[in-house]
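**Student:** Here is a sequence with its predicted model. Questions after.
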Amino acid sequence: MDKRDGNPQTGPMTTPLQSEIETRLEQAFSPSRLDVINDSASHRGHAGDDGSGESHFTVVIESAAFAGKGRLERQRMVNRALGDIPGERVHALAIRAFAPGDG
Amino acid sequence: MADINERITDIVGKNDVVLFMKGTPLFPQCGFSSRAVAILDHCGVAFEGVDVLQDMEIRQGIKAYSDWPTIPQLYVKGEFVGGSDIMMEMFEAGELQQMLDDKQVAKA
């Protein structure tokens, strides 16, 4: 992945769990857009911050796999692809799932 | 596990709107639960908050019951609606208010 290459000193830091989330979602949905954002720093000291620096993530994903599916089903698909990550290994995972051409 | 499923069915059957959450509506213990409470308050509906932090059986049981890994979880008239992301998306689109109206949920 491009964003993991490049200069490690200036590039955004990618954490292990973030990479795992990206890999699982890429394999499951071949997304046309995928942003996995680590929000943990902005929740430091809040409930759910386990000190790992990997407690809070936001996923924005666009894939043809979501076409014709409702919100609930889309999020279930993402949760299923992520296995034990949401709720177990990550305190908070915000998910926005789109299909290409969604408004 | 059968018992806990019955307990949950009972809770979501007895109350029009149920929010399984961390903390209470007055003192939410998590940003997402807090957001869910704010959305329901904004919709002006009466709801039952179930604090999963006070009940380990429900905390685990609700995840299997809904096939949903995270808290909060919203039920309306016994039907699973979703978590806080879905609540926010529906609220922003006006769909949550519409659904509460359509299902004739009592106002707070």
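**Tutor:** Good, I have the coordinates.

**Student:** gap between the residue in chain A positioned nearest to chain B and residue A:101?
**Tutor:** In chain A, the residue that lies nearest chain B is residue A:87 (3.6 Å; Cβ to the nearest Cβ). (Glycine included, C-beta is placed from N, CA and C.) As judged by Cβ to Cβ, to the nearest Å, residue A:87 and residue A:101 stand 31 Å apart.

**Student:** And for residue A:18?
**Tutor:** 28 Å.

**Student:** Contacts only, for the residue of chain B found nearest chain A.
**Tutor:** Here the residue of chain B nearest chain A is residue B:69; by Cβ to the nearest Cβ that distance is 3.6 Å. Residue B:69 is in contact with A:79, A:86, A:87, A:88, B:63, counting by Cβ atoms under 8 Å, 6 or more residues apart in numbering or on different chains.

**Student:** and the gap between the last one and residue B:104?
**Tutor:** Spelled out, it's residue B:63. From residue B:63 to residue B:104 the distance is 29 Å (Cβ to Cβ).

**Student:** cool, and the fourth one?
**Tutor:** Between residue A:88 and residue B:104 the computed distance is 37 Å (Cβ to Cβ).

**Student:** The two - which one has more neighbours?
**Tutor:** Set residue A:88 next to residue B:104 and count neighbours by other Cβ atoms under 10 Å in any protein chain shown: residue A:88 wins out with 12 against 8.
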